[in-house]
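S.K.: Predicted coordinates and the sequence they were generated for:
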Amino acid sequence: MTAAKVVDSSALGAVLFAEAAGDRVAERLRDARLLAPVLLSYELASVCLKKIRANPEQRSGFLAAFASWVQMGIELVDIEHYDVLSVAEQFGLTSYDASYLWLAQRLNAELVTLDRQLAHAAARLRTG
């Protein structure tokens, strides 16, 4: 059975936009069933836009990288916003970050993130 993993925009952005940690993240995602809250697409678009604004000469490459995430087969999942608020309060996260943590908790799945605060919260959740 393929392991389910929840991937956030920091991790997926590193893969898509060939950032330093991209290869390491790609290895963690390999052969997994990937899931994310629906908001992933919005966050990735925002990351892409920031990269375009910082480096407009690389616009076409950024847009091509952004477009490729759809081919990764990531399942987008609706979240329970009320429950996410509780997770956000408990761990001092934004509601966006808490959405990823909530989904990982709900699915009993590994959370793949490069966000230190979110990774710390996931570790705290795992250890009780």
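M.R.: Looks like it came in fine. Numbering: from 1, shown residues only.
S.K.: Would you mind measuring from the spatially most distant residue from the centre of the chain to residue 30?
M.R.: What lies farthest from the middle of the chain is residue 57; by CA atoms, centre = their mean that is 26.2 Å. When distance is defined by CB to CB, to the nearest Å, residue 57 is 32 Å away from residue 30. No exception for glycine: its C-beta is placed from N, CA and C like everyone else's.
S.K.: Tell me which residues of the helix ranked longest in the chain come out buried.
M.R.: Scanning the chain for the helix with the most residues, using DSSP state H, yields helix 40-54. Within helix 40-54, the residues that qualify as buried are 40-41, 43-44, 47-48, 51-52, counting by 16 or more other CB atoms under 10 Å.
S.K.: next SSE after that helix?
M.R.: Using DSSP states H and E, the helix or strand that follows helix 40-54 towards the C-terminus is helix 59-68.
S.K.: how distant is the helix or strand following that next one from the center of its chain?
M.R.: Per DSSP H and E, the first helix or strand lying C-terminal to helix 59-68 is strand 75-77. Distance of strand 75-77 from the chain centroid (CA atoms, centre = their mean, to the nearest Å) equals 11 Å.
S.K.: who touches strand 75-77?
M.R.: 33-38, 40-41, 103 (CB atoms under 8 Å, 6 or more residues apart in numbering).
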